[in-house]
Structure formats: structure tokens, C-alpha cells
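Q: I'll drop the sequence and a predicted model, then ask my questions.
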Amino acid sequence: MAEFTNQELYIIGKKQKLVIWLILLALVSSFFYPISIIVGIVYIFQAYALTKALKYKNPVLWAIAIFIPIVSPVCLLIISTSATRVLRSKGIKVGFMGVNKNQLNDLYQSSTQNIK
């Protein structure tokens with residue numbers, strides 16, 4: 001497993017949370033075609049950003065796989081599980097909707113202190 005800085009962990013936590021919310025939004029917006037297209041586009045870009053933050057070798061291929069209907073949920077499960085595994089390995093609690101807001105703020109604070 002790759003090593004991650006606090007700043008990278010913050011990005012992973014934030015992107016994972018956003019992808020989870022986008023999945024829920026995609027389910028709800030599936031009844032409204034124009035909205036679902038916009039959600040889908042944002043969703044693919046965020047999945048790409050999360051795979052890049054997780055240091056996957058080919059994040060573009062993962063983003064392309066999201067376009068394939070039956071493969072998409074499997075890819076998202078793998079990506080989300082990887083993010084959860086990385087975060088938990090660093091002692092960060094991850095719940096059903098991702099990292100809790102207070103822990104994300106703590107990660108952000110510790111990542112900005114390292115920059116100063």
C-alpha cells in the first residue's frame with residue numbers, strides 16, 4: 001500500500017464523501033433525465049479524482065469503466081473500499097457516509113500545519 005500524507009488523506013476522505021453523495025443523488029435523479037446527465041458527468045470526474053488521490057496506476061481507465069452500466073457499481077465498490085481501507089489504516093474512522101466532518105477538519109488542520 002502506498003504512503004499518504006495528511007493532505008492526501010484529507011483529499012481521499014473528502015472525495016470519497018462526495019462520491020458517496022453523488023451515488024445517492026444519481027439514484028434520486030435517475031427519474032429526471034437532464035439532472036442525471038449532469039450528476040453523471042460530475043460523478044465520473046470525482047471518481048477519477050478519487051482514484052488519482054488513491055494513487056491508482058490508470059485513473060482514466062477507472063473513469064471510463066464508470067460509463068459501462070453493469071461494471072460501474074463494481075468499480076465504485078472497489079474504489080470506495082480502497083479509500084476506506086487507506087483511511088482506516090491511518091486510524092481514521094469511516095462510517096456509512098464516509099469520514100465524519102470533524103475528522104476531515106482535523107485532517108485539514110494537520111495538513112496545513114505541515115505546510116507552514
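A: Nice, thanks for sending it over.
Q: how about stretch 78-96, which residues are buried there?
A: For stretch 78-96, the buried set under the neighbour-count rule, 16 or more other Cβ atoms under 10 Å, comprises 79-80, 82-84, 86-87, 92, 94. C-betas here are computed from N, CA, C, even on glycine.
Q: so which of those residues are in strands?
A: The members of those that map onto strands under DSSP state E are V94.
Q: between the buried residues of stretch 78-96, which sits nearest I23?
A: For the buried residues of stretch 78-96, the residue nearest I23 by Cβ to Cβ is S80; the value is 8.7 Å.
Q: that closest one touches Q16, doesn't it?
A: Yes: the pair S80 and Q16 qualifies as a contact (Cβ atoms under 8 Å) at a distance of 6.3 Å.
Q: contact partners for the residue nearest in space to the middle of the chain?
A: When the chain is reduced to its mean C-alpha position, the closest residue under Cα atoms, centre = their mean turns out to be Q16, at 2.5 Å. Applying Cβ atoms under 8 Å, 6 or more residues apart in numbering to Q16 gives the contacts 50, 80, 83-84, 87, 94, 98-99.
Q: same thing but at 10 Å, please
A: With contact taken as Cβ atoms under 10 Å, 6 or more residues apart in numbering, Q16 is in contact with 46, 50, 53-54, 79-80, 82-84, 86-87, 94, 97-99.
Q: do S30 as well
A: Contacts were defined as Cβ under 10 Å, 6+ apart; by that measure S30 touches 36, 39-40.
Q: neighbour-wise, which of those leads?
A: Tallying neighbours with other Cβ atoms under 10 Å puts V39 at the head of the contacts of S30, with 20 neighbours.
Q: go through the host helix or strand of it and flag the buried ones.
A: Here V39 sits within helix 33-53, counting by DSSP states H and E. For helix 33-53, a neighbour-count test (16+ other Cβ under 10 Å) marks 36, 39-40, 43-44, 46-53 as buried.
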